[in-house]
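> show me how the following folds:
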Amino acid sequence: MNNPLISPGLGTFVWMLVSFGILAFILIKFGWPMILKSLKSREEAIEQSLGEAAKAREEMKSLVAHNEELLRQAKMERDEMLRNARTASDQIVEEARSKATAEADRIVESARENIEFEKLKAMHELKNQIANLSIEIAEKLIRAELSDKPKADALIQKELELMELK
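Got it, this is the predicted structure:
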């Protein structure tokens with residue numbers, strides 16, 4: 001076990017210490033600033049990304065609020081349009097109802113006038129038929145009465161007396 005790496009001698013130890021010191025000096029002098037510089041740039045990039053993310057988050061909140069406002073306005077406009085459509089529909093229905101009522105009243109009035117006209121016409125025809133029948137009956141009675149000469153003279157005399165009284 002006389003391995004020089006496991007139990008180094010004093011000379012090897014000093015040279016290892018000197019080479020480690022040179023390596024540490026080179027790393028501190030040249031490597032450390034580069035490492036710090038890259039860490040700093042990475043930190044700045046992360047901060048910039050966080051700032052942009054916060055800005056994007058604020059923009060998203062603003063867009064969401066704007067979209068909600070647009071949606072609210074669209075709903076209000078839709079409700080207004082529906083309300084106007086209902087009003088127009090009710091108005092059209094009411095106009096149609098009033099026109100139908102007026103037309104029905106006109107038809108009923110026309111029917112009443114026709115009924116009254118037909119009633120008067122029927123009454124006039126009935127009166128004419130009654131008059132014709134009365135004349136026919138009177139004619140038959142007078143013929144029957146006048147067929148007998150003494151009865152006819154008595155009837156004429158009686159009628160003349162009635163006319164003189166009036």
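> where does the protein have low pLDDT?
Counting by pLDDT under 70, the chain contains low-confidence residues at 1-5, 145-146, 165-166.
> at the geometric centre of it, which residue sits there?
For the chain, residue 82 is the residue whose C-alpha lies nearest the centre (C-alpha atoms, centre = their mean; 3.9 Å).
> which strands and helices sit next to the strand or helix carrying that residue?
Counting by DSSP states H and E, the element that carries residue 82 is helix 32-146. When contacts are defined as 3 or more C-beta pairs under 8 Å, 6 or more residues apart in numbering; DSSP states H and E, helix 32-146 packs onto helix 149-165. Where you see a C-beta, it was placed from the backbone N, CA and C, and this is true even at glycine.
> now for the helix it packs on, which elements pack on it?
helix 32-146.
> the helix it packs on vs helix 149-165, what angle?
120 degrees (axes from the mean of the first three to the mean of the last three C-alpha atoms, to 10 degrees).
> now do helix 32-146: distance to the chain's middle.
9 Å (C-alpha atoms, centre = their mean, to the nearest Å).
> for stretch 16-24, same thing?
For stretch 16-24, the distance to the chain centre is 89 Å (C-alpha atoms, centre = their mean).
> identify the residues contacting it?
Contact partners of stretch 16-24, identified using C-beta atoms under 8 Å, 6 or more residues apart in numbering, comprise residue 8.
> could I get that stretch in CSV with only the CA atoms?
The C-alpha coordinates for stretch 16-24 follow below in CSV (Å, rounded to 0.1, in the frame of the first residue of the first chain):
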residue,chain,number,x,y,z
MET,A,16,-1.1,19.5,-5.6
LEU,A,17,-1.8,22.5,-3.3
VAL,A,18,0.0,24.9,-5.7
SER,A,19,-1.9,23.5,-8.8
PHE,A,20,-5.2,23.7,-6.8
GLY,A,21,-4.4,27.3,-5.9
ILE,A,22,-3.6,28.2,-9.6
LEU,A,23,-6.8,26.5,-10.7
ALA,A,24,-8.8,28.3,-8.0
